[in-house]
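A.B. asks: What shape does this take:
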Amino acid sequence: MNPKPTRRDALDNRERILTVAREAIAVSSGASLTAIAKQAGVGIGTLYRHFPTREALILELYRHDIQHLIDRAPVLLAEHPPLVALRRWFDEVAHYGRLKYGVAEVIHAATDGGADDEYFAPFVAAIDVLLKAGTADGSLKSGIDPEDVLLQLSVLWRIDPARGGEARAGRILDLIVDGLRATP
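C.D. replies: Purely as a prediction, here's the structure:
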């Protein structure tokens, strides 16, 4: 028996909830679900039908945003030289880090500290694609472990966006990219 397809309006509601929640949580990790529902133009019952708990909403945002980052790596490589693509991808990761700052403990707990995270290997593979392209064109050092780069990037989730976070993230990314360059 085939499950009943989801109605278009239900899909639209879900996307609006996610869009509003992403912005609300980026501003304040304690954003109320009632306020998110109201701003999305849905009732609280609709929000709970899609996301039965706050954690479910946060994890769906995480899944959506991580998949977006994974998908962006080859797109950026198609549009830019490898070093530029890498830096632009890092900038997108930093933007995502501002969302993760306030809710990192929820994601960490749900993924068993990353051990059960289905997105870990694809995320590392996205980094590897960018690194290999940079190595192939001579702009990046060879033999860089993409997991080492991920560990460097993990500092982004700890930068408080309310305390000059964007500027600090930019400076840290400059340091990471400088360390990856084939020639300083």
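A.B. asks: Pull the number of nearby residues for Gly41.
C.D. replies: 12 (other Cβ atoms under 10 Å). (Each C-beta comes from the backbone N, C-alpha and C, glycine too.)
A.B. asks: surely it meets Arg16?
C.D. replies: Yes: assessed by Cβ atoms under 8 Å, Gly41 is found in contact with Arg16 at 6.5 Å.
A.B. asks: For Val149, which non-adjacent residue is closest in space?
C.D. replies: Ile127 (5.2 Å; Cβ to Cβ, 6 or more residues apart in numbering).
A.B. asks: got the phi/psi numbers for Glu92?
C.D. replies: phi -70, psi -40 (degrees, to the nearest 10).
A.B. asks: Which other helices and strands does the helix or strand where the residue nearest to Val149 lies contact?
C.D. replies: Counting by DSSP states H and E, the element that carries Ile127 is helix 120-136. In terms of contacts (3 or more Cβ pairs under 8 Å, 6 or more residues apart in numbering; DSSP states H and E), helix 120-136 is packed against helix 54-79, helix 82-110, helix 146-153.
A.B. asks: hey, least reliable of those by pLDDT?
C.D. replies: Mean pLDDT per stretch puts helix 82-110 lowest among these, at a mean of 79.
A.B. asks: before we move on, back to that, pretty sure the residue nearest to Val149 is touching Asp148, no?
C.D. replies: No: using Cβ under 8 Å, Ile127 is not in contact with Asp148; the gap is 9.4 Å.
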